[in-house]
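Novice: next comes the sequence, and after it the predicted model I'd like to discuss.
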Amino acid sequence: MARPTNKEELIKLSRDNFKKLFDMIGTMENENVEFPVGTMNRNVRDVLTHLHHWHLMVMDWYNVGMKGEKPDIPAKGYTWKDTPSLNKKIWEDYQRVSLKDSKNLLKNSYTEIQQIIEKHTNEELFEKKKYKWTGTTSLAAYLISATSSHYDWAIKVIKKALK
């Protein structure tokens, strides 16, 4: 499916890609397999905690922005150019989390981000410049990046690592 252009598509693609990700993980012989050297995310846990933390960041942007305040996007002390450093920090922060806990964290933050999507209309989600904090883009652009597109990335990373 192409990039979502309405609420229904966003919900469906987000849900479908999330399910695909967990279905794929569920069919792995060894969910704790180490990925090849040279990748920052070295295992399934790393990928899941990465997704979880990006959910948390988007929810923080949303909560701060909807109060009329300016959120730190992508994170305090980081610019978009610093995303590799931010992702490394995220990776470091979750090294003591178990695979089981990473699954639960991701499932919980997935549910929370879906609730944000559910409570908005198409217009509120997809109209560019609707909210000051989203700048020239739409709320949906942030949500798509943190959900359906990010789950698709995760599936590709895991598949590539398992080749």
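Specialist: Here it is on my side, so go on. Numbering: from 1, shown residues only.
Novice: quick one, what contacts the residue nearest the centre of the chain?
Specialist: Centroid check for the chain by C-alpha atoms, centre = their mean gives residue 146 as the closest residue, at 3.3 Å. Listed by C-beta atoms under 8 Å, 6 or more residues apart in numbering, the contact partners of residue 146 are 54, 55, 57, 58, 113. Glycine gets a C-beta too; all of them are placed from N, C-alpha and C.
Novice: tell me if I'm right that residue 133 and residue 60 touch.
Specialist: No - between residue 133 and residue 60 there is no contact under C-beta atoms under 8 Å: 11.2 Å.
Novice: what's the overlap in contacts for these two?
Specialist: residue 71.
Novice: any chance you could map the helices in the chain?
Specialist: For the chain, the helices defined by DSSP state H occupy 7-26, 44-66, 83-93, 99-118, 122-126, 139-146, 148-162.
Novice: for residue 38, which of the ones you listed is the nearest?
Specialist: Closest to residue 38 of these is helix 148-162 (C-beta to C-beta; 10.2 Å).
Novice: if you count neighbours, what's buried in that closest one?
Specialist: By neighbour count on 16 or more other C-beta atoms under 10 Å, the buried set for helix 148-162 is 148, 149, 150, 151, 152, 153, 154, 155, 157, 158, 161.
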